[in-house]
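Novice: starting from these lines, generate the structure:
(one chain, ligands or ions: 1)
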Amino acid sequence: MAPIGKKRPLPSKNATTKARKRQKLAGGDADYRSTPQTSAPATNGSKVRLDDLKWNEVALPDRLDDYEGFFGLEEIDDVEVVRSATDGRVSFKTAERSTAKPTKKRKVSEGQHKDSDAQEPQPATDTPSDGEEWEGFGSDDQDQAQQPNVPVKAAPARADKKQKKRRKPRDGDSNPFAGLGDEVQEDDVDTSAWESLGLSQTTLSSLSKLKFSRPTPIQSAAIPEILDGHDVIGKASTGSGKTLAFGIPILEHYLGSNPDRRKASRVSEDIHQPQALILSPTRELAHQITAHLTALCSQGSFDGPSIATVTGGLSIQKQQRLLSKADIIIGTPGRLWEVISQGQGLLKRLQKIKFLVVDEADRLLSEGHFKEVEEILNVLDKDDEDVENEDVDSSAEQQKRQTLVFSATFHKGLQQKLAAKGKFGGELMDKKESMEYLLKKLRFREEKPKFIDVNPVEQMAEGLKEGLVECSGTEKDLYLYALLTYHPNTRTLVFTNSISAVRRLMPFLQNLSLPALALHSQMPQKARLRSVEQFTARPGSILVATDVAARGLDIPGVQLVIHYHLPRAADMYVHRSGRTARAENSGSSILICAPEEVAGVRRLVAKVHARRGGSDSKYFIRSLDIDRRIVSKLKPRATLAKKIADTENAKKQKKSEDNWMREAAEDLGVDYDSEEFEGDAPGRRGRGAGRRKAEREAGAMSKGEVQAMKAELRSLLAQRVNAGVSPRYLTSGAVDVDALLRGERNGEFWARLGDLAWRMGLGKHRKVARQGARYQAKSILFRWNI
Ligand SMILES: Nc1ncnc2c1ncn2[C@@H]1O[C@H](COP(=O)(O)OP(=O)(O)OP(=O)(O)O)[C@@H](O)[C@H]1O
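Specialist: Predicted coordinates for the structure are as follows:
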């Protein structure tokens, strides 16, 4: 049998099989047998059988249709996992009294547990001593991480029932959109402000449950036009609710075309006809749109549309299955094009959609996406017998299709962007230019689509504070650290321009005990989703990302955006900064600049703001006052953390290069001696030689030397930084100097306590467990009901 904590196959619908499998799970494998069973409740700290515990159903995120094998996942807190040092067997102990009554099901498993009853209880002190010993259970880190990859199907009637049973989201819950889905409340809000938009009672009731009491300006302006059947180009600042501006009309159309709102009545068709196709530039945004629409559609008592999310990094077969019954398709252009190209009738159905939505339009219509978007647009509009759809009059279908285009910025497009590469260019288009550009690329059915620009003079959110910090190019890491220390417990997004910078900064920040998470396009998709989810679930975490996170990501409570590298263009500055101060909240955006970059940055930011008050107005981004004495006190730890990170990176690098060379040598049948190969052979100097030398030196450090550096860093981190008595500090009161001196609140940042709290928060129980039994109660086990 598969061990507990491993992914399980899909649940059988047959109850008997289900029960049988569950029994097997509870007792069929000697390795995971529990300890003697009594009918009395387990006492404090005593060994228990897994089936006697009060397992809680895990609320699975509303994604991915078949839950990727996570259906029926249950979890339990406060159980200690004890592995015998002698035979490696695992048993379980409760930290508190279990009140679970023996059930019929349990009796069955009692019978199955006869063998295990004979086992000797393991000593309480026999705690896991190393991460490996938790294999088979998976850290909850891992397990939680996999949940969100469950494709979403919005089946609201069922979802409603499920939600009632769902537990309240806990701090560690990994579904970033859990809040949206769980907002089923008795105290629904008054939605009279929506009434003028002419929405159905069903939609109004959903909005009320989401507690959206009034439409945002873009929603007020765009929804009636879309409902009237117009093509719309919508421009509104970041975080202003553009998703529902197109999502609500799509739902209205769905409700209108399915008056009895019962899927059964329409899925009798052999092939299901999707109604809307939504294109998104990034995978994360596609999943987020899915979550927003799912939340909207799952509030009421109606059976909502089926949503298929088609993005790279996840199983194409599963996505194809979802597509066959989807009402709404949300996808990134690359994967969507791949799926369309494989045939299976999708194109034929896509040609009959009623809505084509292009979200974050300027990005989708430029850069690397353009080719695939263009291909998709071409085939959607193609009157072509070759494309497997002889019977479709696509021009007629196209006439019926509405095209909706949304973005916070409209960029001049590929050519200008390429021309501006490396410079602070990236012209933002005015209304006329953007209209012309889009009209050319998208074949609107109306000659003049409605252009809705709800805040033509302001692209930046109102609650956004902007500033820059000047430092030498070689001190950017130190100043990043300083900025983060000035904003402890602050959900922060750090933007870089390269994947390698993300990779370099991650160990640097982690060595400094900062809760850093990574996001870039070369990460596996599951890891990408996991980072976003952890970032969303943990209030004080730091996401170090490339511009893959700049567009559209709606993570509530991002308080600070740091531009470690300067944005390459004005529109990217708008989008990056738009990750904070969303939905009328406040937030800060800080650029870290080398002296030679300051003038360019000032021009870039002034350009973005120029529209605020006409071309005469000169916005001048202020330099932030940072106490250089504190920065210099942080320097030793930052330097050491960087050295450790560089050393470990070099070692990893060396190891993988060695392996590669060794394999190549083996293939050639020659001996490989890495030292001989790396020797300073004449002619081997040149570009990158200095870096290689530094890497060699770092890689040559002994384990002991690295350990010594780590110990030194630990001791530095354990010392409180004396902030002095200067009242000067950065960014309007983020640091309470007095509290810092007293070691309270903000001061915790400097101490190791913060490190421990973070480790616990992260759920790295292996590490916590090693520190003593007291933390064992934090352990979380998972099991699957099959
Ligand atoms: N009418 C409303 N009332 C309150 N909150 C709303 C309303 N409509 C949307 N929201 C919330 O506002 C937040 C931002 O919405 P959304 O992500 O659609 O913004 P956006 O304009 O698409 O931003 P971006 O340009 O960055 O993609 C979301 O959390 C959403 O749930």
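
Novice: only C-alpha atoms from now on, for both contacts and neighbour counts.
Specialist: OK.

Novice: residue numbers of the stretch 401-550 of the chain in contact with the ligand?
Specialist: 407-408 (Cα under 6 Å from any ligand atom).

Novice: and the residue of the stretch 401-550 of the chain found nearest the ligand, how far from residue 377?
Specialist: In the stretch 401-550 of the chain, no residue comes nearer to the ligand than residue 408, which is 5.1 Å away by Cα to the nearest ligand atom. Distance of residue 408 to residue 377, computed by Cα to Cα, to the nearest Å: 22 Å.

Novice: what helix or strand is residue 503 on?
Specialist: Using DSSP states H and E, the secondary-structure element containing residue 503 is helix 499-511.

Novice: and residue 256, its phi and psi?
Specialist: Here the main-chain torsion angles of residue 256 (degrees, to the nearest 10) amount to phi -70, psi -40.

Novice: ok, and the closest non-adjacent residue to residue 200?
Specialist: Distances taken as Cα to Cα, 6 or more residues apart in numbering put residue 252 closest to residue 200, at 7.0 Å, once the chain neighbours are dropped.

Novice: what strand or helix carries that neighbour?
Specialist: Under the assignment given by DSSP H and E, the secondary-structure element containing residue 252 is helix 242-257.

Novice: quick check: what element follows that helix along the chain?
Specialist: From helix 242-257 onward toward the C-terminus, using DSSP H and E, the following helix or strand is strand 276-279.

Novice: residue in the stretch 451-600 of the chain with the shortest distance to the ligand?
Specialist: For the stretch 451-600 of the chain, Cα to the nearest ligand atom, closest residue to the ligand: residue 552, 3.1 Å.

Novice: distance of residue 331 from residue 541?
Specialist: According to Cα to Cα, residue 331 and residue 541 sit 28 Å apart.

Novice: have a look at those two and say which one is more surrounded.
Specialist: The residue with more neighbours, out of residue 331 and residue 541, is residue 331; 26 against 23, by other Cα atoms under 10 Å.

Novice: what residues are bridge-paired with the more buried one?
Specialist: In this structure, residue 331 has beta-bridge partners residue 279, residue 310, where bridges are defined by DSSP bridges.

Novice: wait, it sits on residue 310?
Specialist: Yes: between residue 331 and residue 310 there is a contact at 4.4 Å, judged by Cα atoms under 8 Å.

Novice: for the helix holding residue 503, which helices and strands make contact with it?
Specialist: With contacts defined as 3 or more Cα pairs under 8 Å, 6 or more residues apart in numbering; DSSP states H and E, the packing partners of helix 499-511 are strand 516-519, strand 542-545, helix 628-668.

Novice: quick one: average pLDDT of stretch 193-207?
Specialist: Per-residue pLDDT over stretch 193-207 has a mean of 90.

Novice: cool, stretch 292-304 as well?
Specialist: Along stretch 292-304, the predicted confidence averages to a pLDDT of 83.

Novice: what about it, near the ligand?
Specialist: No: Stretch 292-304 lies apart from the ligand when judged by Cα under 6 Å from any ligand atom; the minimum separation is 6.5 Å.

Novice: and stretch 237-251, is it in reach of the ligand?
Specialist: Yes: against the ligand, stretch 237-251 shows contacts by Cα under 6 Å from any ligand atom at 237-244.

Novice: avg pLDDT for that stretch?
Specialist: Taken as a whole, stretch 237-251 carries a mean pLDDT of 91.

Novice: next: stretch 279-289.
Specialist: Across stretch 279-289, the average pLDDT comes to 89.

Novice: show residues contacting it.
Specialist: 63, 177, 243, 309, 311-312, 330-333, 356-360, 363-364, 369, 528-529, 548-549, 551-554 (Cα atoms under 8 Å, 6 or more residues apart in numbering).

Novice: do any residues in it lie close to the ligand?
Specialist: No: Stretch 279-289 lies apart from the ligand when judged by Cα under 6 Å from any ligand atom; the minimum separation is 7.7 Å.

Novice: what comes up buried for that stretch?
Specialist: Using 16 or more other Cα atoms under 10 Å as the burial criterion, the residues of stretch 279-289 that qualify are 279-289.

Novice: one more: stretch 627-635?
Specialist: Taking 16+ other Cα under 10 Å as the basis for neighbour counts, the residues of stretch 627-635 that come out buried are 630-631, 634-635.

Novice: please apply the same query to stretch 333-352.
Specialist: If you call a residue buried by 16+ other Cα under 10 Å, then stretch 333-352 has these buried ones: 333-337, 339-340, 346-352.

Novice: present these as TSV; the columns should include distance to residue 222, secondary structure and pLDDT.
Specialist: TSV is the format used below for the buried residues of stretch 333-352 (distance: Cα to Cα, whole Å; DSSP: H, G, I helix; E, B strand; the rest coil; pLDDT from 0 to 100):
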residue	distance to residue 222	secondary structure	pLDDT
333	25	helix	89
334	28	helix	88
335	29	helix	89
336	27	helix	90
337	29	helix	89
339	31	helix	86
340	30	helix	86
346	29	helix	82
347	28	helix	84
348	29	helix	84
349	26	helix	86
350	24	helix	88
351	24	coil	88
352	23	coil	88
